[in-house]
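S.K.: pasting the structure only:
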């Protein structure tokens, strides 16, 4: 009997030890699960679809001399790269400058923003039955400084130097329309244009225009271009080594 009791005591001890191990393993599993859920929640977007998130960056945070405010439907901040990605109805405001686009990337280390279009989320086919998703874009970048507005396919702007570049840009000043393959802002009211075009016709493809390989646009003063070709439609009629157009009110 004494031997049987000893065997029973040992068996009970083994079972109790095994049960403790099971409980410990379950607790560890639950802790790992909780940790995994926390990590997943950390990368979930903080903004629900259809809402607009707004925020601002103080001068001390970005090394600039005034506050930058921004908003978008989705705001993703990447601390390792010190970047903010604004997606959907993106807007950035700095001093009197406002940039709007489908997508804006702010690179805080360089004090630079890049504004781009977004692919249209709609699906469909053109008249030939071909998928046109890749060719549809929305949210073309728009740059305004309180006086002028410029539209392009892509924009880059530096907060510190207050200089920027616009690819395939277009703007209107008084009765004239200016477009260019590249429009570079070198001063607050001065732009350098590569492969530029000037016309008083408001159509995207004007009935007539002057085209210059290099153009300098000084808002409220003049446009200087060289060399210049005068077009009626797409037909060149005259070539001039130099031309100047007044933009004074």
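M.R.: Structure received. Predicted model only: the values in this text are computed from it and were never measured. Numbering: from 1, shown residues only.
S.K.: And residue 237, how close does it get to residue 202?
M.R.: Distance of residue 237 to residue 202, computed by CB to CB, to the nearest Å: 21 Å. Just so you know, the C-beta spots here come from the backbone N, C-alpha and C atoms, and that holds for glycine as well.
S.K.: Can you report how many residues lie near residue 96?
M.R.: 10 (other CB atoms under 10 Å).
S.K.: Check it and give its pLDDT.
M.R.: With respect to pLDDT, residue 96 has a value of 88.
S.K.: Quickly note the distance from it to residue 80.
M.R.: From residue 96 to residue 80 the distance is 32 Å (CB to CB).
S.K.: Repeat that for residue 225.
M.R.: From residue 225 to residue 80 the distance is 46 Å (CB to CB).
S.K.: For these two, indicate the residue with more neighbours.
M.R.: residue 225 (23 against 5).
S.K.: Just list whatever residues bridge to the closest residue to the more buried one other than its chain neighbours.
M.R.: Spatial nearest neighbour of residue 225, chain neighbours left out: residue 212 (3.1 Å); criterion: CB to CB, 6 or more residues apart in numbering. Note on residue 212: beta-bridge partners residue 196, residue 228, judged by DSSP bridges.
S.K.: Could you do residue 70 as well?
M.R.: Beta-bridge pairing for residue 70 (DSSP bridges): residue 55, residue 92.
S.K.: can you list the weak-confidence ranges in the protein?
M.R.: 1-65, 121-137, 173-175, 249 (pLDDT under 70).
S.K.: so how far is residue 203 from the nearest residue to residue 245 once chain neighbours are set aside?
M.R.: Distance criterion CB to CB, 6+ apart; nearest residue to residue 245, sequence neighbours excluded, is residue 223 at 4.4 Å. Remark: distance between residue 223 and residue 203 (CB to CB) = 19 Å.
S.K.: Looking at those two, which is more packed in?
M.R.: For residue 223 versus residue 203, the count of surrounding residues by other CB under 10 Å is larger for residue 223: 23 against 9.
S.K.: State the three-state secondary structure for the more buried one.
M.R.: strand (DSSP: H, G, I helix; E, B strand; the rest coil).
S.K.: Residue 75 reaches residue 86, doesn't it?
M.R.: Yes - at 5.9 Å, residue 75 counts as touching residue 86 under the criterion of CB atoms under 8 Å.
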